[in-house]
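Enquirer: Test case, fold it:
(one chain, ligands or ions: 2)
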Amino acid sequence: MSGSKSWEQGGCLCGKVRYAIDRGGIAGQAHCHCRDCQRATGSAFATFCFVPDASFRADQGEAKGFTVQGTSGGSVTRFFCPDCGAQLYSEVAVMPGVRFVKSGSLDDASWMEPQAVFWCDTAQPWVAMPDGLAEHATNPG
Ligand SMILES: [Zn+2]
Ligand SMILES: [Zn+2]
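Expert: Ligands and ions are numbered 1, 2, ... in the order given. Next comes the predicted model:
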């Protein structure tokens, strides 16, 4: 049925914070290998969906934000569960109205198809780049 929403649910490790995103509204998907994503996730890179406000639904609990100055000059706020610390999504000042939802917080992220890789310049040398994706040295554009 055209126009129907297809909600995918997600949440933190302890279950306190829950949200849902409408798959039909997703504006893009990417991996980011910047140093801030490496530190914030405690891993080699972050993978996320670009979710417009209209396609994001806060279902339960309240995420806490931590803001840093992004490399482009604007602020980046990463939201996480105040109890378990699990990363949920980010908001970027230069792209208002969009949340960058972390793939690992989705209950099922197997449907995702990331199209791009950001910050290849700071990717760890032991991480293999997937074939066929648009690779950007830093942020795109
Ligand atoms: Zn939690
Ligand atoms: Zn990043």
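Enquirer: need the residues of this protein near ligand 1, please.
Expert: Taking C-beta under 5 Å from the ion as the test, the list of the chain residues beside ligand 1 reads 12, 14, 16, 81, 83, 84. Yep, even glycine has a C-beta here, placed from its N, CA and C like the rest.
Enquirer: Ligand 2 versus the last one, what's the distance?
Expert: Which is residue 84. Remark: distance between residue 84 and ligand 2 (C-beta to the ion, to the nearest Å) = 21 Å.
Enquirer: tell me the contacts of that residue?
Expert: By C-beta atoms under 8 Å, 6 or more residues apart in numbering, the residues touching residue 84 are 12, 13, 14, 16.
Enquirer: any idea how far residue 9 is from it?
Expert: 17 Å (C-beta to C-beta, to the nearest Å).
Enquirer: And the fourth one, by the same measure?
Expert: Distance, residue 81 to residue 9, using C-beta to C-beta: 15 Å.
Enquirer: Ligand 2: which of the contacts of residue 84 is nearest?
Expert: Each of those was checked against ligand 2 using C-beta to the ion; the closest is residue 12, at 19.6 Å.
Enquirer: Pull up the per-residue confidence for the closest one.
Expert: pLDDT for residue 12: 98.
Enquirer: Test my guess that residue 60 contacts residue 17.
Expert: Yes. Look at residue 60 against residue 17 with C-beta atoms under 8 Å: they come within range, at 6.6 Å.
Enquirer: okay, those two: which has more neighbours?
Expert: For the pair residue 60 and residue 17, the greater number of neighbours falls to residue 17 (25 against 11), based on other C-beta atoms under 10 Å.
Enquirer: what number of residues lie near the residue lying closest to the more buried one once chain neighbours are set aside?
Expert: Among residues not flanking residue 17 along the chain, residue 61 sits closest, at 3.6 Å (C-beta to C-beta, 6 or more residues apart in numbering). Counted with other C-beta under 10 Å, the burial measure for residue 61 works out to 17 neighbours.
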